[in-house]
Every structure is written in C-alpha cells, then in structure tokens.
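A.B. asks: Below: sequence and its predicted model.
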Amino acid sequence: MATLGELERAVMDVIWDHSGLVTAYDVKDVLDSSRERPPAVTTLLTVLSRLARKGLVVSDRTARPHRYRAVATREEYTAELMHEVLGDSRDRHAVLARFVGGVSNDEAAALRTLLKGNG
C-alpha cells in the first residue's frame, strides 16, 4: 500500500470529501482556500498522475479536463495501511497491545462491539 506525502494526502482528502469525479481545478479550488501557498494546477496534475501510478486514483480521460476518483474510501485505505503495518511487525501481539493501549474508552467500546460481531 502506498504511503502519502503531505500534498498527496491533501489531494486525496479533497477527492475523498467529494462524491464522484473531480478535476485538478476542483482540487485547486479547495486547496486555494486552505493553504498558505496553494499549488499550481500543473503541480496538482503531477500529483494526480503519481496517485494514479500508486493505484489510489483512476482517471477518466474521455473528456477535458480529466476527472479523477478514489479507488478506495478513506476508511478502506487507512484499514489497509493498518493491516500492512501489522503484517510487517515481528511481534503482532505487541503492536496490537500498544495500539489498544492508546485508544479512548469510546474507541475501545467500538472495538469490543466489532470483535463480538455486533458492529
């Protein structure tokens, strides 16, 4: 699973927050209002191409401007990262214990519910 740089993460957040397809201009509109130095459209197109190579987005090139959508939801991506980190560990139990030790009471209750199969 591909990890994301800061700008890649910001672009993915915009894509995940939108339903449907987005253009580089859509991404720029959002980032223009949320960043001190917003990236140029050409930079965003490069980032979107990189995200496509990483398998995180697919592009619809049948129209101009090209449109992009996420391959997986934010939750699916995050869960896959968690599985990857857990799988890379030599001591899965220790990693899980450390993770569970850092969750809130509400999150622990949600985990218990999910593990019981009631979630």
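C.D. replies: Happy to help now that I have it.
A.B. asks: Can you list the buried residues in the lengthiest helix in the chain?
C.D. replies: Of all the segments of type helix in the chain, defined by DSSP state H, the longest one is helix 74-88. By 16 or more other Cβ atoms under 10 Å, the buried positions in helix 74-88 come out as residue 77. Where C-beta positions appear, they are placed from N, C-alpha and C, glycine not excepted.
A.B. asks: Any figure for the gap between the nearest residue to residue 92 once chain neighbours are set aside and residue 109?
C.D. replies: Taking Cβ to Cβ, 6 or more residues apart in numbering as the measure, residue 92 lies nearest to residue 86, with 5.7 Å between them; neighbours along the chain are not counted. Going from residue 86 to residue 109 by Cβ to Cβ, to the nearest Å gives 21 Å.
A.B. asks: next one: the longest helix of the chain to chain centre, how far?
C.D. replies: Distance of helix 74-88 from its chain centroid, counting by Cα atoms, centre = their mean, to the nearest Å, is 11 Å.
A.B. asks: what comes into contact with that helix?
C.D. replies: Surrounding helix 74-88, the residues in contact under the criterion Cβ atoms under 8 Å, 6 or more residues apart in numbering are 1, 3, 12-13, 16, 56, 70, 72, 92, 95-96.
A.B. asks: Strands - which of those land there?
C.D. replies: Among those, the ones falling in strands (DSSP state E) are residue 70.
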